[in-house]
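>>> structure for the following, please:
(2 chains)
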Amino acid sequence: MGKHNRLGVLQDRLPRITLAASGGPARDVLVFVMLRGGMDGLSLCVPYADPDYAWQRGNLALPGPGQVDGVTDLDGFFGLSQAASALLPAYLAGDLLFVQTAGSPDPTRSHFDAMKFIEGGVPNQAAPVITTGWLGRHLAGVPAVSPAAKLRGVAIDFTAPLTLAGAPATLSIPDPSDFAFNGYQSSRLARQEVLRDLYAFESQPIRGAAEATLDTIDLLAGLNFENYVPSGGAVYPDTEFGDRFKAAAALIKAGIGIEAIEIDRGGWDHHDNLGPVSGQMAEMLAELSQTLLAFRLDLGVLMNDVTVAAMSEFGRRVDANGSGGVDHGRGGCMLVMGGHVNGGQVLHDWVGLDPAVLDDKALPVRIDYRDVLIEILRDRMGNAAAGALFPNHVPTDWGIVS
Amino acid sequence: MQESQKSSRAPASPTSGGPNRRTVLRGSAAVAAAAASATVARATPASLQAAATMEPSLVNAWALGRASFGVTRDMLNDVAQRGLDGWVDWQLQPLQIDDSALEARLASFEWLGWSAAEMNDHPTKEVWEIAHEARAVRLLRATYSKRQLFERIVEFWTDHFSIYGSADDTFVLKIVDDEEVIRTHALGRFQDLLQASARSPAMIAFLDNDTNVVGAAQENYAREVMELHTLGVDGPYTENDVRELARCFTGWTYWKPWESMTQYGEFRFRPQQHDTGAKTVLGVQLPAGGGIEDAEILLDHLADHPSTIDFVTTKLAKWLLGYAPPQAAIDAARARWIATGGEIREVVRSLLSEESIRLARPWREPKLKRPFHWIVSLYRATGIDLPTPTDTIWMIWNLGQPPFQWKAPNGYPDVEGAWASLLMPRWQQAAVFGQGWYWSSPHTIGDIRALLGSTPMSGWAQHLSMLLTGGTMRPREVKRIQQYINGFSQPTDQIVGEALELVASSPSFGRY
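Next comes the predicted model:
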């Protein structure tokens, strides 16, 4: 710990031994979280010791350690917002990594363009039409971890995120406890066969979705989500986001061959009334961190086979606006959690917050989100060719996972 | 400068826009005489490959699918009489279409037409209850309005100018926005629609412009009005334009309850909060000393900008013609926009011309119904009644698309990939609908059986496919469903419900 200067970071970037991609241990399940709206990473992993932080943030600045509402020191330079203190156990155990100054190299400050490029995995490129996502291409490019797996990817949501577009055997399931095939049960299988035939000639993605849906009915029916009891004393927040993580834990524990789960949380677009101490931001950080805490407790030793990665489409400007909020920025903070994550540190490439070094009033992006994901996909998800999921990018190794 | 609520605001005009709430409520409550049981000309489902020789009746059926929330027998009869262009022309004057049956259904929503202040002060209902009822009103209008094309265009603008109806302070404000912005201007001039949307308290609240003040401009609305509402994200604007436009919008707010109980929810320009310095946006120079007109000038500039015309016309073409609409159809519509100064009615007329439909070939490039569209089209096709729409809304919630509930400002997506992997909720509801089991929908299996009339079991699949898809269902789907029906020797309740379920669950009914 204490890696708060650039040298410290560089020491982490030594060549490492990569796990054998084949014949090695079973691959991790990846839980990818899009925090939509532009999460203010500076209110989560707070650069309290930077001399240019407090004056630019004004009354949105969080006090340093030991003060009222002060942050909890992480490494002598960054501190954790009190609202997110549920993340401390994972951090102290070395299972949680903050990646500050992270983001997409594309300069757009449009939510929707930034998300499109991040999820498509093609920032800064004149891509023709983006139709698949990086995680979809990953799943399409590696054999199923369990050859008989009927369901490899799930978005716990109504709409399908671009991240997963192109993935085989992947569905949007807003509530896995409600996946029963209705009607007379005596004719259930016969009706399912009719639907299988009806959709067999459809174009993609409908054909694959119909097939995966029909293949998944019995699988989920056997899991009894309704009566799922979390382990380890885990208490998920009683929110949609908390429920969705609880469902993810149940799906992972079921061991049915799921390789990737996406869970989104929108609402981070805090142009006004940021509320980093007790307002909206604090409430959302508390929900996020309590959810991750519960998930980690619930999975227990299974966290050795799971990696959670959370990111937003961009961070927000360093300076507060006149509405007690912060406008769209650039660099943000990613979270990576798991048993094989090189956690307990804040990874960053900090250049300071002096307005002269900022990217048009925002934290510059110094760590490419693609580098973070490539390491996870290559070293924990068994994809030796993970770099190719992000075309025209030469990855840098930051030592995210081991 | 004087405070102003009305500067250059176009009055809600029933002749230039669609039906507004006042005209809706003024209409006769008499229910129109039930349409005679005219039979539909039986179209033989043509091979989808034979596009060049596509029968006119099927071209019309596909065109109606795009121009409505679901084709009905009445509509097929209408289009057979009027021709496609005549039908579109008729639909583009919605106020001249009798909608008294719908108006009668809406009469129980006493708050329709009330101001935000009145709704906020409702004697018995909380604002969230009214907002819930407003979603039911949306369902009823989509299902029962005879002004189907108008409702489809309302749906388009609802997403284009999307406002999350459960954000801070938008519960009743979105209802006002729906009436006074979206429904009033849906077929009017784009410029009027844009100006009205910019003044909409719901939009102001949703995109935080009420906190955009001099000295500390706040860019949320200014960015989205260029990115989402006008120029498009690839439009020719810079980050600096965003910030300069935000300065133009400083002081655009609305009356808060604590400022005036009676004026709550009305637009308000506060000169003392407006940045009066000189500004340059998109090359337009605004001298110092400007007031509300700073942003008005820019809104007019944006409404007429070539990038806006391209972006919005193309998006409308995708809405009506397909995910990849033919360039020639877009070009024709764009020419109409330019020739008419942005009359949405004329742009829509161009896009739905028989020529454009034949270019777009919806039978070759079908779109996937979004969940709201899917369930509405099922009620429309079957005529199954919706007596308790505030309960039915929960079903639509489970399907994934309750009205006014998309949380980001870009609106519910209209791309196939966003919805394709969500088939299960549709299949679930199709089964429940077919058997008459949905708790809030008091129809019974007898109502479903009545749809089959005296058709022998051997013709059920064909009969139901005509009823639900107007003949656009693929023959192999009809055949496969009939094969399943043939496995039953008696017309039991079970097979009656399952026949409908399978047609409603089919790929063809899911498309339009």
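
>>> counting neighbours, what do you get for whichever residue of the stretch 251-400 of chain A sits closest to chain B?
Nearest residue of the stretch 251-400 of chain A to chain B, counting by Cβ to the nearest Cβ: A:Gly322, 1.8 Å away. Quick note: C-beta positions are derived from backbone N, CA and C, even for glycine. When counting by other Cβ atoms under 10 Å in any protein chain shown, one arrives at 16 neighbours for A:Gly322.

>>> that one and B:Ala217 touch, don't they?
Yes: counting by Cβ atoms under 8 Å, A:Gly322 does reach B:Ala217; the two are 7.0 Å apart.

>>> residues touching residue 388, list them.
Unless you meant another one, I'm taking chain A. A:Ala388 sits next to no residue when contact means Cβ atoms under 8 Å, 6 or more residues apart in numbering or on different chains.

>>> could you do chain B instead?
Residues near B:Thr388 by Cβ under 8 Å, 6+ apart: B:Ser440, B:Ser441, B:Pro442.

>>> in space, what's closest to the first one - neighbours in sequence excluded?
Ranked by Cβ to Cβ, 6 or more residues apart in numbering or on different chains and with sequence neighbours excluded, the top spatial neighbour of B:Ser440 is B:Asp391, at 3.1 Å.

>>> and the one you found, how close does it get to A:Leu220?
As judged by Cβ to Cβ, to the nearest Å, B:Asp391 and A:Leu220 stand 27 Å apart.

>>> who's in contact with the residue of the stretch 401-512 of chain B found nearest chain A?
Nearest to chain A in the stretch 401-512 of chain B, going by Cβ to the nearest Cβ, is B:Ala431, at a distance of 3.7 Å. The contact partners of B:Ala431, by Cβ under 8 Å, 6+ apart, come to A:Phe181, A:Asn182, A:Gly183, A:Arg191, B:Trp437, B:Gly497, B:Glu498, B:Glu501, B:Ser505.

>>> tell me the contacts of B:Asp89?
So B:Asp89 contacts B:Arg82, B:Arg349 (Cβ under 8 Å, 6+ apart).

>>> check which helix or strand covers it.
Applying DSSP states H and E as the criterion places B:Asp89 in helix B:73-91.

>>> check contacts around residue 152.
Let's take chain A. By Cβ under 8 Å, 6+ apart, A:Arg152 lies in contact with A:Leu139, A:Ala144, A:Val145, A:Ala167, A:Pro168, A:Ala169, A:Thr170, A:Gly257, A:Ile258, A:Glu259, A:Ala260.

>>> please refer instead to chain B.
Counting by Cβ under 8 Å, 6+ apart, B:Arg152 touches B:Arg66, B:Ala67, B:Ser68, B:Phe69, B:Trp319, B:Leu320.

>>> turn those into TSV, columns for distance to chain A.
TSV is the format used below for these (distance: Cβ to the nearest Cβ, whole Å):
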residue	distance to chain A
B:Arg66	19
B:Ala67	23
B:Ser68	22
B:Phe69	20
B:Trp319	18
B:Leu320	20
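
>>> before we move on, back to that, burial measure for the residue nearest to B:Ser440, as a count.
The number of residues packed near B:Asp391 is 15, by other Cβ under 10 Å.

>>> distance-wise, check it relative to chain A.
Separation of B:Asp391 from chain A (Cβ to the nearest Cβ, to the nearest Å): 18 Å.

>>> so who does that residue touch?
By Cβ under 8 Å, 6+ apart, B:Asp391 lies in contact with B:Trp439, B:Ser440, B:Ser441.

>>> do the same with B:Gln405
By Cβ under 8 Å, 6+ apart, B:Gln405 lies in contact with B:Arg135, B:Tyr164, B:Gly165, B:Ser166, B:Trp397.

>>> reformat those as CSV; add secondary structure.
Below are the contacts of B:Gln405 laid out as CSV (DSSP: H, G, I helix; E, B strand; the rest coil):
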residue, secondary structure
B:Arg135, helix
B:Tyr164, coil
B:Gly165, coil
B:Ser166, coil
B:Trp397, helix
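
>>> out of the residues you listed, who's the most crowded?
Neighbour counts for these (other Cβ under 10 Å) peak at B:Gly165, which has 27 neighbours.

>>> which ones are touching that one?
Contacts for B:Gly165 were tallied using Cβ under 8 Å, 6+ apart; they are B:Ala131, B:Ala134, B:Arg135, B:Phe171, B:Lys174, B:Ile175, B:Ala202, B:Pro403, B:Phe404, B:Gln405.

>>> would you mind giving these as a markdown table with secondary structure and pLDDT added?
A markdown table is the format used below for the contacts of B:Gly165 (DSSP: H, G, I helix; E, B strand; the rest coil; pLDDT from 0 to 100):
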| residue | secondary structure | pLDDT |
| --- | --- | --- |
| B:Ala131 | helix | 97 |
| B:Ala134 | helix | 98 |
| B:Arg135 | helix | 98 |
| B:Phe171 | coil | 96 |
| B:Lys174 | helix | 98 |
| B:Ile175 | helix | 98 |
| B:Ala202 | helix | 98 |
| B:Pro403 | coil | 98 |
| B:Phe404 | coil | 98 |
| B:Gln405 | coil | 97 |
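
>>> are any of those residues buried, and if so which?
B:Ala131, B:Ala134, B:Arg135, B:Phe171, B:Lys174, B:Ile175, B:Ala202, B:Pro403, B:Phe404 (16 or more other Cβ atoms under 10 Å in any protein chain shown).

>>> any idea how far chain A is from the first one?
Counting by Cβ to the nearest Cβ, the gap from B:Ala131 to chain A is 18 Å.

>>> same thing with the fourth one?
Separation of B:Phe171 from chain A (Cβ to the nearest Cβ) stands at 17 Å.

>>> do you know how far that residue is from B:Leu194?
24 Å.

>>> same thing with the fifth one?
Look at B:Lys174 and B:Leu194: by Cβ to Cβ, they are 18 Å apart.

>>> out of the contacts of B:Asp391, who's the most crowded?
Counting neighbours by other Cβ under 10 Å, B:Ser441 comes out on top of the contacts of B:Asp391 with 21 neighbours.

>>> quick one: contacts for the closest residue in space to B:Ala67 that isn't next to it in sequence?
Nearest residue to B:Ala67 in three dimensions, chain neighbours excluded: B:Leu149, at 4.8 Å (Cβ to Cβ, 6+ apart). For B:Leu149, the contact set (Cβ under 8 Å, 6+ apart) comprises B:Ala67, B:Ser68, B:Val88, B:Gln91, B:Leu92, B:Pro94, B:Val348, B:Leu352.

>>> if we use 7 Å, what do you get?
B:Ala67, B:Ser68, B:Val88, B:Gln91, B:Leu92 (Cβ atoms under 7 Å, 6 or more residues apart in numbering or on different chains).

>>> what separation do you get for the closest residue to A:Asp73 other than its chain neighbours and A:Leu74?
In space, and not counting its chain neighbours, A:Asp73 is closest to A:Pro65: 4.4 Å by Cβ to Cβ, 6+ apart. Per Cβ to Cβ, A:Pro65 is found 9 Å from A:Leu74.

>>> ok, the two, which is more surrounded?
Applying other Cβ under 10 Å to A:Pro65 and A:Leu74 shows that A:Leu74 carries more neighbours, namely 24 against 15.

>>> near chain A, which residues of the stretch 251-400 of chain B?
Within the stretch 251-400 of chain B, the positions adjacent to chain A are B:Gly400 by Cβ under 7 Å from any Cβ of the partner chain.

>>> the closest residue to chain A within the stretch 251-400 of chain B - nearest residue in space that isn't next to it in sequence?
The minimum distance from the stretch 251-400 of chain B to chain A, using Cβ to the nearest Cβ, falls at B:Gly400 (3.4 Å). Counting by Cβ to Cβ, 6+ apart, A:Phe158 is the residue found nearest to B:Gly400 once chain neighbours are left out, at 3.4 Å.

>>> also B:Arg380?
Leaving aside its chain neighbours, B:Arg380 sits nearest to B:Gly70 (3.7 Å; criterion: Cβ to Cβ, 6+ apart).

>>> export the helix or strand hosting B:Ala431 as CSV, just CAs?
Assigned by DSSP H and E, B:Ala431 belongs to helix B:424-435. What follows is helix B:424-435, C-alpha atoms only, in CSV (Å, rounded to 0.1, in the frame of the first residue of the first chain):
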residue,chain,number,x,y,z
MET,B,424,-39.8,-14.4,-22.1
PRO,B,425,-42.0,-11.6,-20.7
ARG,B,426,-44.0,-11.5,-24.0
TRP,B,427,-44.4,-15.3,-24.1
GLN,B,428,-45.6,-15.2,-20.5
GLN,B,429,-48.1,-12.5,-21.1
ALA,B,430,-49.3,-14.2,-24.4
ALA,B,431,-50.1,-17.3,-22.4
VAL,B,432,-51.9,-15.5,-19.7
PHE,B,433,-53.8,-13.3,-22.2
GLY,B,434,-54.8,-16.3,-24.2
GLN,B,435,-56.3,-18.1,-21.3
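
>>> no further questions, thank you.
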